[in-house]
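**Student:** Next input, structure requested:
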Amino acid sequence: MKRQNDPATEIRGAERAFQLNRDTLLVYTGLHPRDFRPFIRFGSSPNSVPMGLLKHIENVVLPEEDPVNAGVEVAWIDATLRAGSEHIRYVGSRERISQINSFAGIREERGEPGPIESLAYRAKIGSGGAERDKSMLTFFATGNVNVTVGGARVLDYSSFKRGVLHIDREYELFNRALQKRERKCEKGVGFLFPDEAIAGQISLYWHFEREGLFVNPPVDPHYVLFQNGIDPDRASMVASASPYGPGFTEILRRKNAESKEVGIFCPDQERLSILKKIYNKAAFKQYEDMRPLPFARSTVSFVSRSGSHMLFAIKPHKGGRDVLALFPLGAGKKVSKSFSYFKAPFDFEIFRYSSKADLESRAGRLLLVVPGKIREKAFRKLRLSADFYPLVKWREYRIHSSEVAADLVDHFTAPLKGSIHHDLLHEILLQSIGFEYDPARLAHLLSELVKLPPATDVGSQNALHMALKFIRELPEYQTLYDDYSRKQMRRLEKKFSLRKWRFGDWLDLAKTAVYMELVILRGRVYMLTSAAPLEPVRFPLPPGIEELEKDSRSFVRVLRRLEKDILRSGDHSLSFSLDAVTKIFQERMRLAAERKRFYGLLEQLGIQLIVDEPDYIHKSLPPALNEFLVKVRSVYRRFVLRLREMLAR
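**Tutor:** So this is what the prediction gives:
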């Protein structure tokens, strides 16, 4: 019998519903203090949830009109089974349950219970008997779901969604905010490195005019795009080494919510076909090896023989040669940079660097590197060279290619605008390509440039160094430069070398308003910079709920500082972005209070939040999924440690 003095059993109506984070809702269905597994789960979020709670969830509801992020859901399956739960029971349509089962790769053997149970909805779902002694799920043809406990309605799922700041509303907030301000990655062809990764893979956002392609997108890709001034809804294409990547499946989920087209690449065709069924409102445009990108027909993608790398053959301008860009995709167990149509060296390569030995496998004329197994301090101390640069986060890389040298001259002098070097270098470049060539004038200009000191910043020094490299590699150099001019060139190359500059100096450009310019003349590649619109404010997102539970005042101070920065800048359009960040902060503070209420219920029920996390791979999961989950499992471990600290207070 129910004990009247037990507070846990006295919870009524909507108080039984607890929103733990943006995407996860738990409903307490217990009618007695010792009820077994008394929780129902709606939704799955990449945000952390106490591991010790997972084995107490009886049912997982799959609303028909609001499909979950499938990549996150399989991570929940893995975490739930590792937390000690014998099974997970999904409730929803037979088709939706079957799709999740198939995507997770778990098969039920005949005659043996599997880790996934299914309960397809029917006329009535309940245990029979009086209504006051049971809980009930009611599914409607509209896609809505109601939960009643003891005869009282606890949850109307559609009404709940209308009243909270869910993920699609975050997209809407960001879209409105970015409509009012300067945006990145909407002109020309290029890419941006958001300094994010999933399961150790490099994330890159490529853009072809206003069409974006996110390679190995991180968790919550709309966050990093918003922070970098990119409209998240411009990510019309996505590529991933794994179908289980939560950022990959989030982009598919978002396109499904909008009923839009999405270009997609993933080597796992079997899982990809299942995702097409889960997100059947999105129009999938799949692209494969040696095929143009769906929304950027002038770029053709190639996949290496092992699947570890992808190559883009980009035609930035009509009639020009292809620019060949190589970058890691991360599929396959072996590394291969061999393609069926093109051969190395490629124009530039995005590369993970751990030691000098890695350079033996380079396949690009120019390397843009991110740190691998190397300490940050050691990475920053590496020396810059004309073909070896670190990949700078947050800055837009733009690609320029021409067969005519005159078309590219201004790129070399742009970083020097306003400096003592600019006019001299500009005329030397024009003389060097034969424009109003005068050997005496050229010799004079070179001797005058020799008298000037080196540049005091890395961007200007690099521009001078690259301009001299450009001149020496011109065919005209052999015919227009006499012995005296060549001697002056050697002196200039020594004065304007990069030997004193380090990776750390170049990486610090992330904090400045610059474009990174990749300039390509007939297969020769030059790394340059140019001035970009000022970014008076970079908008940080609020920390996680667990951190806000410990300290929310720090982020309040951040918001006040942002408000002052916007006032100083005079750009009032930035206030819309501040409003978006503020609303997300307020929502997370509400969720922090909701969690506190939920922890009180767990304490009354005697449920322990923390369990030791076993280090094993669940035998029911397919090898490909296990391999991916091993890489992301440390996220849960970090959360367990943070939660222990919080509960110890």
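**Student:** Please list all residues in contact with the closest residue in space to D220 that isn't next to it in sequence.
**Tutor:** Spatial nearest neighbour of D220, excluding adjacent residues (CB to CB, 6 or more residues apart in numbering): P46 at 6.5 Å. Where you see a C-beta, it was placed from the backbone N, CA and C, and this is true even at glycine. Shown in contact with P46 (CB atoms under 8 Å, 6 or more residues apart in numbering): N69, V72, A75, V219, D220, P246.
**Student:** Cross the residues you listed against helices and list the overlap.
**Tutor:** Mapping these onto helices (DSSP state H) picks out V72, A75, P246.
**Student:** ok now do the last one, which residues does it touch?
**Tutor:** With contact taken as CB under 8 Å, 6+ apart, P246 is in contact with P46, N69, G71, V72, A75, I198, V219.
**Student:** Would you check which pair of the residues you listed lies furthest apart?
**Tutor:** N69 and I198 (12.9 Å; CB to CB).
**Student:** How many residues are close by the residue nearest to V224 when sequence neighbours are not counted?
**Tutor:** Nearest residue to V224, sequence neighbours excluded (CB to CB, 6+ apart): P194, at 4.2 Å. Neighbourhood size, P194 [other CB atoms under 10 Å]: 21.
**Student:** thought P194 was touching I202?
**Tutor:** No. Counting by CB atoms under 8 Å, P194 stays clear of I202, with 10.0 Å between them.
**Student:** hey, where'd the strands end up in the stretch 251-400 of the chain?
**Tutor:** For the stretch 251-400 of the chain, the strands defined by DSSP state E, counting those that start in this stretch occupy 261-265, 283-286, 291-293, 296-303, 309-314, 323-328, 346-353, 364-371, 388-390, 396-402.
**Student:** can you put these in TSV and add distance to T479?
**Tutor:** Formatted as TSV, those follow (distance: least, CB to CB, whole Å):
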stretch	distance to T479
strand 261-265	47
strand 283-286	50
strand 291-293	41
strand 296-303	35
strand 309-314	32
strand 323-328	28
strand 346-353	27
strand 364-371	25
strand 388-390	31
strand 396-402	21
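**Student:** Make TSV out of the contacts of P246 and add pLDDT and distance to A463.
**Tutor:** Formatted as TSV, the contacts of P246 follow (pLDDT from 0 to 100; distance: CB to CB, whole Å):
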residue	pLDDT	distance to A463
P46	76	42
N69	95	45
G71	93	43
V72	92	45
A75	88	46
I198	67	35
V219	90	37
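**Student:** ok, so of those, who is nearest R486?
**Tutor:** In terms of CB to CB, no member of the contacts of P246 lies closer to R486 than I198, at 50.8 Å.
**Student:** Need the per-residue pLDDT for the most far-flung residue of the chain relative to its centre.
**Tutor:** Distance from the C-alpha centroid of the chain peaks at A440, with 54.6 Å (CA atoms, centre = their mean). pLDDT, A440: 96.
**Student:** so is the residue nearest to D220 in a helix, a strand, or just coil?
**Tutor:** Recorded secondary structure, P46: coil (DSSP: H, G, I helix; E, B strand; the rest coil).
**Student:** What separation is there between it and R271?
**Tutor:** 19 Å (CB to CB, to the nearest Å).
**Student:** hang on, S361 packs against V335?
**Tutor:** Yes. Judged on CB under 8 Å, S361 makes contact with V335 at a distance of 7.4 Å.
**Student:** which residues of the stretch 401-550 of the chain fall in strands?
**Tutor:** Along the stretch 401-550 of the chain, counting by DSSP E, counting those that start in this stretch, strands occupy 514-521, 524-531.
**Student:** Can you tell me which of the ones you listed is most buried?
**Tutor:** strand 514-521 (a mean of 22; mean count of other CB atoms under 10 Å).
**Student:** where does that strand sit relative to the chain's centre, distance-wise?
**Tutor:** When distances are taken as CA atoms, centre = their mean, to the nearest Å, strand 514-521 is centred 23 Å away from the chain's centroid.
**Student:** What is it packed up against?
**Tutor:** Here strand 514-521 touches strand 346-353, strand 396-402, helix 409-413, strand 524-531, going by 3 or more CB pairs under 8 Å, 6 or more residues apart in numbering; DSSP states H and E.
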